[in-house]
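Peer 1: Make a model of this:
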Amino acid sequence: MRDSLKARRPLSPHLQVYKIQITSLLSILHRGTGMVLYGGAVFCTLWFLALAEGSETYGAMQGFLLHPVGLIMLMGLSFSFFYHLCNGMRHLLWDVGIGYDLPDVRKSGWLVVIFSFLLTGFAWILGIMLGEILS
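Peer 2: Just a heads-up that it's a prediction; the model follows:
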């Protein structure tokens, strides 16, 4: 009897069956970018400590930041900042009751992703242009 009941019970969806939704993906990404920003704050503190330590330590830190690995880290940090900022504004709109309909949730989610990439690109282009002007 128990075995026949067990055989008829539905199985829970698992990763091979479950199709991830935009809302769950953006929620996971929001938490991930929050952790990246925390690490970036620690890294920024190390950068300031290198500045206080003297020109040799600061030069080594700048050398790391201008290395391709450092640039990728900085680009990831800037994307995390802009994604967290845009998604935070989306949550503020939800707090006042705007955008709860499922089509609006999906649309605002895609807007957050698009604006995060656009703002990251704009910030990097502006930074590169200002760096060339100032040097």
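Peer 1: Distance from stretch 59-69 to the middle of the chain?
Peer 2: In terms of Cα atoms, centre = their mean, to the nearest Å, the centre of stretch 59-69 is set 22 Å apart from its chain centre.
Peer 1: Give me the contact list for that stretch.
Peer 2: By Cβ atoms under 8 Å, 6 or more residues apart in numbering, the list of residues contacting stretch 59-69 from outside reads 46-47, 50-51, 70-71, 73-74. Every residue, glycine included, has its C-beta placed from N, CA and C.
Peer 1: 10 Å - rerun?
Peer 2: By Cβ atoms under 10 Å, 6 or more residues apart in numbering, the residues outside stretch 59-69 that reach it are 43, 46-51, 53, 55, 70-71, 73-74.
Peer 1: Any buried residues in that stretch, and which?
Peer 2: By 16 or more other Cβ atoms under 10 Å, the buried positions in stretch 59-69 come out as Met61.
Peer 1: mind exporting stretch 57-70 as PDB, just the C-alpha atoms?
Peer 2: C-alpha atoms of stretch 57-70 as PDB (Å, rounded to 0.1, in the frame of the first residue of the first chain):
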ATOM      1  CA  THR A  57      53.300  50.300  -2.700                       C
ATOM      2  CA  TYR A  58      50.800  52.500  -4.500                       C
ATOM      3  CA  GLY A  59      52.700  52.000  -7.800                       C
ATOM      4  CA  ALA A  60      52.500  48.200  -7.300                       C
ATOM      5  CA  MET A  61      48.700  48.500  -6.700                       C
ATOM      6  CA  GLN A  62      48.300  50.600  -9.800                       C
ATOM      7  CA  GLY A  63      50.300  48.100 -11.800                       C
ATOM      8  CA  PHE A  64      47.900  45.400 -10.700                       C
ATOM      9  CA  LEU A  65      44.800  47.500 -11.400                       C
ATOM     10  CA  LEU A  66      46.100  48.300 -14.900                       C
ATOM     11  CA  HIS A  67      46.900  44.600 -15.600                       C
ATOM     12  CA  PRO A  68      44.100  42.900 -17.600                       C
ATOM     13  CA  VAL A  69      43.100  40.900 -14.500                       C
ATOM     14  CA  GLY A  70      42.700  44.100 -12.500                       C
END
